[in-house]
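Colleague: predicted model follows, preceded by the sequence.
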Amino acid sequence: MHISEGVLSGPVLVSGMILAAAGTTVGLKRLDYDKVPRAGILSAAFFVASLIHVPVGPSSVHLILNGIVGLLLGWGAFPALLVALILQALFFQFGGLTTLGVNTVIMAAPAIICYSLFGRAVHGATRKAFAAAFACGFLAVFFSALLAALSLIGTEEKFFKVSVLLLTAHLPVMIIEGIVTAFCVAFLKKVQPGMFARPGMTDPVRGEKGGGK
Amino acid sequence: MTIMTRRMNRPKFRVARMRRVGPVGFVLLLSASLVLISGVPAALAHRVNVFAWVQGKRVHVQAAFSGGKKVRNGTVRVYDSKGALVTEGTTNVKGEFSFGLRHKEPLRVVVLAGAGHRGEWTLSREELSEEPETPASHSPGGASTDTSPVPGKSSPEAVLSREELRLAVEKALDRKLKPFYTLLADSLNRRPSVPEILGGIGYIIGLVGLATYLRYRKEGKEARPE
């Protein structure tokens, strides 16, 4: 899903950078210091997840994990994913520095969409939360594929064809991420129920911490 | 009775312990699940490695995603030094494409592997210089210098056989070197190394540390005036 350097046109790159900068600013404002270690862990998980590949068809795709990052960080997903993407570009040559903005938006925007869609449902009953978490992991990748196809409109023209290609290629990843997200959420609900960022609540961690100890 | 109480106590105890292990347990679970899935034979995408080499009068191009999966039906575009399109084509099932060499210009080979994946390789002038020359252009100069030390035996036939020899050697070398070229192309398809992965994680930990440092420094500053 990382878009290489030299593929996209200037306007797409610039608008990607602007959107990513805006998202990161919001993310940094909302991310208080207590959540920094968590953002770090999730950033590292995302960084490493890109090395785990699911071989499908002519191309091969890797895990993204942006669903769980969104659920746990909310808007903090933007800075966390930006850092991981910079490091992936530098160390693995995945994507590139000029496409950093576009790639950040492709990965982080779905994380926030899914967080606002499922952030509440995850707090519900176990079974409902499990289903919501699966949908969250699944749809985060789905939206990422759509955004990637959208950013390629200027270069590969046929949006429909590219998006069908990207979506079918990422179908196994969507399913795997849905399962991974669902199990992560089920586990965390048992272990640390206060860990989930709740849409509309600034800091879910503090209240839980004060009550728990 | 005792058995019953024990049974009832066990889950409680477990939950209490898990609560304490929380964040660490989460990381463990995440990494464990990642390791489990990584059991799937991995082929890394997201970087397209392109390798091109000259063989005789043809240029061979090989394209693969990092990790070794070949780029099938990838679009190959070849540009000269001025950026003009020289030739265009698609890679076969093995991720290969070849085209005839016409000029001694440096070439830039770009492979578009679809869905935003792109890689390129530049062929320098040195790599191209000896190959496309025709035997005819070489023979007059070669004949005069080669034959001068042995003036008596020089004949057009000997010159021709020398030229033929040169071509034959070149052909044989091309044939012998082909496995090395493919080996070279494959060795360029390296996957991210452990130091790179650990380095990246290290940077992230460093950033977390930096943020924590800033926080406590700020707290310290706030505390001082009180």
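Modeller: Right, received. Where do you want to start?

Colleague: show me the domain layout of chain B.
Modeller: Taking automatic domain parsing as the criterion, chain B consists of the domains B:48-188, B:194-221.

Colleague: out of those domains, nearest to A:G194?
Modeller: When the domains of chain B are compared by Cβ to Cβ, domain B:194-221 sits nearest A:G194, at 19.8 Å. All C-beta spots, glycine's among them, are computed from the backbone N, C-alpha and C.

Colleague: that older thread, out of the domains of chain B, which is the most enclosed?
Modeller: domain B:48-188 (a mean of 16; mean count of other Cβ atoms under 10 Å in any protein chain shown).

Colleague: what mean pLDDT does that domain get?
Modeller: Mean per-residue pLDDT for domain B:48-188: 70.

Colleague: okay, the domains of chain B in JSON lines with distance to chain A next?
Modeller: As requested, those are arranged in JSON lines below (distance: least, Cβ to the nearest Cβ, whole Å):
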{"stretch": "domain B:48-188", "distance to chain A": "4"}
{"stretch": "domain B:194-221", "distance to chain A": "4"}
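
Colleague: and A:Y115, which of these is closest to it?
Modeller: Short answer: domain B:194-221, nearest of the domains of chain B by Cβ to Cβ, at 20.8 Å.

Colleague: ok, which of the domains of chain B comes nearest A:L31?
Modeller: Relative to A:L31, the nearest member of the domains of chain B by Cβ to Cβ is domain B:194-221, separated by 9.0 Å.

Colleague: tabulate the domains of chain B (JSON lines), appending distance to A:R30.
Modeller: Supplementary listing: those in JSON lines, determined by distance: least, Cβ to Cβ, whole Å:
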{"stretch": "domain B:48-188", "distance to A:R30": "30"}
{"stretch": "domain B:194-221", "distance to A:R30": "14"}
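
Colleague: which of the ones you listed sits closest to A:A45?
Modeller: Comparing the domains of chain B against A:A45 with Cβ to Cβ, the closest turns out to be domain B:194-221 (9.6 Å).

Colleague: pretty sure B:A52 is touching B:V59, no?
Modeller: Yes. At 5.7 Å, B:A52 and B:V59 qualify as touching, with contact defined as Cβ atoms under 8 Å.

Colleague: name the residues contacting each of the two.
Modeller: Between them, B:A52 and B:V59 share the neighbouring residues B:L107, B:V109, B:L123, with contact defined by Cβ atoms under 8 Å, 6 or more residues apart in numbering or on different chains.

Colleague: is it true that the second one touches B:V76?
Modeller: Read that as B:V109. Yes. Counting by Cβ under 8 Å, B:V109 sits close enough to B:V76 to count as a contact (6.6 Å).

Colleague: just for chain A, where's the confidence low?
Modeller: Flagging of chain A using pLDDT under 70 yields the residue ranges A:1, A:54-60, A:154-157, A:197-213.

Colleague: in helices, which of the shared contacts of B:A52 and B:V59 appear?
Modeller: In this view, these have no member that belongs to helices under DSSP state H.

Colleague: how about residue 86, nearest residue that isn't a chain neighbour?
Modeller: I went with chain A, as the question did not name one. Nearest residue to A:I86, sequence neighbours excluded (Cβ to Cβ, 6 or more residues apart in numbering or on different chains): A:L100, at 6.5 Å.

Colleague: hmm, I had chain B in mind actually
Modeller: What sits nearest to B:V86 in space, not counting adjacent residues and going by Cβ to Cβ, 6+ apart, is B:V78, at 4.4 Å.

Colleague: give me the element B:K82 is part of.
Modeller: Using DSSP states H and E, B:K82 falls within no helix or strand.

Colleague: please enumerate the helices of chain A.
Modeller: For chain A, the helices defined by DSSP H occupy A:10-30, A:36-49, A:66-73, A:77-92, A:100-118, A:126-151, A:153-156, A:159-191, A:204-212.

Colleague: need these in a markdown table with mean neighbour count, can you?
Modeller: As requested, those are arranged in a markdown table below (neighbours: other Cβ atoms under 10 Å in any protein chain shown):
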| stretch | mean neighbour count |
| --- | --- |
| helix A:10-30 | 17 |
| helix A:36-49 | 23 |
| helix A:66-73 | 30 |
| helix A:77-92 | 25 |
| helix A:100-118 | 26 |
| helix A:126-151 | 22 |
| helix A:153-156 | 16 |
| helix A:159-191 | 19 |
| helix A:204-212 | 13 |
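
Colleague: right, and these - which one's nearest B:L214?
Modeller: Using Cβ to Cβ as the criterion, the shortest distance between B:L214 and the helices of chain A is 9.5 Å, found for helix A:36-49.

Colleague: list the contacts of that closest one.
Modeller: A:31, A:62-66, A:68-69, A:72-73, A:76-77, A:79-81, A:83-84, A:87-88, A:107, A:195, B:23, B:26-27, B:30-31, B:34, B:197, B:200-201, B:204-205, B:207-208, B:211-212, B:215.
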